[in-house]
Structure formats: structure tokens, C-alpha cells
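# A predicted structure for the sequence below; I have some questions about it.
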Amino acid sequence: MRVPEIPTTPTTTAPADLTDDALFHQNVQDVFFDYDSADIRADAATSISAAAAFLTAHPSAKVLIGGYCDDRGSAEYNLALGETRANAAKEALVTAGVDASRLRVISYGKEKQFCTDENDACWQQNRRAQFSLDR
């Protein structure tokens, strides 16, 4: 005699939701700087606006803004420039409506290089303000 089986729902895997970090980095992009400058470039305006919109929609998110430099110049100079860059990015977000109390800055200067080749394209990648969730 055959015993009937209770039907089970198939186990399908739904598309994975983006993690908090992935969602954050999808909407909050790094801002890049010219050589020896902490001025927010015109091409960063879209990134700043998108970041501010995301942060406004996620009021509990706190952000760490890291200031980075390429490897040219002294360690002391680049630490100061990295801090100035991080603060410039912070001020741009504040101007776009993000509460300053949600933003913290740190300078890495030239200590944590993203790219280590000695050329303009690599140096450009290192001259940035990088945004991450502040936990």
C-alpha cells in the first residue's frame, strides 16, 4: 500500500537582496580629485547628488569618508591633503542636505594605495574621497 506524501513547496532561491554594503556602494560613489587639489570637480556633482539622495532616503546610515592621495609627496603633506579632500566631500554632502552629524572623515594620505603603478591613470584612482558605511 502506498502512503500519500504531503506536497511540499519547491525550494526556489529568490534573487539575493543586495547587502547593505552593496546597496550603499551602488548608490554612493567615490569622488576623484585633480593632482594637488581638494576641489570637488564638476564631474563629481552627479555622484554627490546621488549620494545625498540615497543618504536622505536612509536616515540611519552613517558614513565614513576616507581621504586618499597618490604616492607623490611627503607622508605629512598627503595626510593633510587627504583630510582636506575628505572634508571637501563632507561639505558637498552637507550642502546637498545631509546632516553633518552622520558624516565622519579620516585621512589615509598615501598609506593605502588602491593602485600601485607609476602612471597618471593609477595616480588618478588614488586621488579620491572614498565613502563607506560607518559602523
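Okay, I see it.

# for the residue nearest to residue 56 when sequence neighbours are not counted, phi and psi?
In space, residue 56 comes closest to residue 97 once its chain neighbours are excluded; the distance is 6.0 Å by C-beta to C-beta, 6 or more residues apart in numbering. In short, each C-beta sits where N, CA and C put it, glycine included. Backbone torsions for residue 97, taken as degrees, to the nearest 10, come to phi 110, psi 0.

# okay, residue 97: pLDDT?
Looking at residue 97, its pLDDT reads 96.

# per-residue confidence, the residue nearest to residue 85 when sequence neighbours are not counted, what does it come out as?
Using C-beta to C-beta, 6+ apart and skipping residues adjacent in sequence, the residue nearest residue 85 is residue 67, 4.0 Å away. Looking at residue 67, its pLDDT stands at 97.

# that older thread, roughly how far apart are the residue nearest to residue 56 and residue 45?
From residue 97 across to residue 45, the span is 14 Å (C-beta to C-beta, to the nearest Å).

# model confidence for the residue lying closest to residue 27 once chain neighbours are set aside, exactly?
Nearest residue to residue 27 in three dimensions, chain neighbours excluded: residue 54, at 3.8 Å (C-beta to C-beta, 6+ apart). At residue 54, the pLDDT value in this model is 96.
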